[in-house]
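> Below is the structure, and that's it, no one-letter string:
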């Protein structure tokens with residue numbers, strides 16, 4: 001898929017990178033963050049995100065989720081189109097291994 005030329009702000013990029021880093025771990029917060037990210041990646045295959053799940057996030061992570069949610073809405077694109085495909089594929093492999101190719 002071709003990368004769109006959508007401007008991702010440094011704040012959005014940094015928030016997304018922090019969430020991807022947390023999703024790479026194996027904690028309750030990691031599961032919540034991964035669920036959020038994977039709902040953006042492909043809610044049909046990976047599951048949707050129950051907003052009450054965010055109640056279990058630290059304030060800083062919740063703020064990053066809000067920032068990334070706004071990015072997804074503003075860009076009207078999936079993360080792979082923005083150049084984050086490989087990062088999200090790692091999250092899929094870690095948290096939804098049944099979906100591996």
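In hand now; what should we look at? Everything quoted here is computed from the prediction, not taken from an experiment.

> C-alpha only now, for contacts and for neighbours.
OK.

> so what's the residue nearest to the spatial centre of the chain up against?
With the centre of the chain defined as its mean C-alpha position, the nearest residue by Cα atoms, centre = their mean is residue 37, 2.3 Å away. The contact partners of residue 37, taken as Cα atoms under 8 Å, 6 or more residues apart in numbering, are residue 88.

> what about it, which helix or strand?
Taking DSSP states H and E as the criterion, residue 37 maps to helix 28-46.

> Give the next helix or strand downstream of that helix.
Beyond helix 28-46 on the C-terminal side, the first helix or strand identified by DSSP H and E is helix 59-75.

> What separation do you get for residue 18 and residue 85?
When distances are taken as Cα to Cα, to the nearest Å, residue 18 and residue 85 turn out to be 16 Å apart.

> neighbours around residue 51, how many?
One way to gauge burial is a neighbour count; for residue 51, by other Cα atoms under 10 Å, it gives 8.

> Could you report the separation of it from residue 80?
Residue 51 sits 23 Å away from residue 80, taking Cα to Cα as the criterion.

> Also residue 40?
Taken as Cα to Cα, the span from residue 40 to residue 80 is 10 Å.

> count of residues packed around residue 60?
The burial metric for residue 60, expressed as a neighbour count using other Cα under 10 Å, is 11.

> wait, residue 5
Neighbours around residue 5, by other Cα under 10 Å: 10.

> Look up the closest residue to it, ignoring the ones flanking it.
Once flanking residues are discounted, residue 5 sits nearest to residue 82: 7.5 Å by Cα to Cα, 6 or more residues apart in numbering.

> I'd assumed residue 6 was in contact with that neighbour.
Yes - taking contacts as Cα atoms under 8 Å, residue 82 lies within contact range of residue 6: 7.0 Å.

> who has more neighbours, those two?
When residue 82 is set against residue 6 and neighbours are counted by other Cα under 10 Å, the residue ahead is residue 82, at 18 against 13.

> In three-state terms, label the more buried one for me.
Using DSSP: H, G, I helix; E, B strand; the rest coil as the criterion, the local structure at residue 82 reads coil.
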